[in-house]
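*Asks:* no sequence for this one, just the structure:
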């Protein structure tokens, strides 16, 4: 009985490593406003519900090096799945910074409660918009389902880095810059047109202080365009969010032992 309890405890701990690492970078839930104990409890609960159905290596067959190897592999697997599912939020934060720069709102920063760092107001608006879309599309269920199915492809302690994994991570990370530019494209175009118009006015009316006059026009026009293009930004976020399921499946396949 004692060996059985010890085996069950070790299985739960091994499952908790992957689930806990996933919860550490899980979208929205990984923010600083969510206590660490809550995230640990969610990871432990997820492992408790899943591990009875998962085949785990026998404790008696593992030495000290085997334990360390499994710990590193499980944590890496959970972090990789959490990172790939959080890229959409990195893209909206980058888009918010670009939009704030084009509108001249670099100084209008606020403390982001999710990271305790200062961020621009458009970035906060897009972040909360992405959070609502994330839960509305049930993408949190997709991530949890991906965690459960990962054990079918990558058993406990079998995670490894396939040759194509770094290339895939770099490709998906680079795409967030494309998504950010797509969301900020209307503001970039309007900012370019305003700069061109005020450059012409500066040549036509030399007495006009083009530098100071352009600030108010850039701000008012930028706020108007940002407001009417929020729906377009939401569509880009939805399009990016629907890639999460395929990205999770790809990264899980790249984590399995060849």
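*Replies:* Yep, that arrived. Just so it is clear, the model here is predicted, and its values are computed rather than measured. Residues are numbered from 1 along each chain as shown.

*Asks:* quick one, what contacts residue 47?
*Replies:* 12, 15, 16, 18, 19, 20 (Cβ atoms under 8 Å, 6 or more residues apart in numbering). No exception for glycine: its C-beta is placed from N, CA and C like everyone else's.

*Asks:* where does the stretch 151-258 of the chain dip in pLDDT?
*Replies:* Scanning the stretch 151-258 of the chain for pLDDT under 70 picks out the ranges 208, 210-212, 257-258.

*Asks:* Name the helix or strand for residue 119, please.
*Replies:* strand 117-120 (DSSP states H and E).

*Asks:* what's the following helix or strand after that strand?
*Replies:* helix 121-136.

*Asks:* helices and strands around that next one, which ones?
*Replies:* helix 87-103, strand 109-112, helix 230-241 (3 or more Cβ pairs under 8 Å, 6 or more residues apart in numbering; DSSP states H and E).

*Asks:* For it, buried residues please.
*Replies:* Within helix 121-136, the residues that count as buried by 16 or more other Cβ atoms under 10 Å are 121, 122, 123, 124, 125, 126, 127, 130, 131, 133, 134.

*Asks:* would you list those in CSV and tack on pLDDT and distance to residue 102?
*Replies:* Converted to CSV, the buried residues of helix 121-136 look like this (pLDDT from 0 to 100; distance: Cβ to Cβ, whole Å):
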residue, pLDDT, distance to residue 102
121, 79, 13
122, 82, 9
123, 81, 13
124, 83, 16
125, 85, 15
126, 87, 14
127, 87, 18
130, 89, 19
131, 88, 23
133, 89, 23
134, 88, 25
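
*Asks:* Show me which of those residues is closest to residue 149.
*Replies:* Distance to residue 149, by Cβ to Cβ, is smallest for residue 134 among the buried residues of helix 121-136, at 19.5 Å.

*Asks:* what's around the spatially closest residue to that closest one that is not a sequence neighbour, how many residues?
*Replies:* Distance criterion Cβ to Cβ, 6 or more residues apart in numbering; nearest residue to residue 134, sequence neighbours excluded, is residue 27 at 5.8 Å. When counting by other Cβ atoms under 10 Å, one arrives at 22 neighbours for residue 27.
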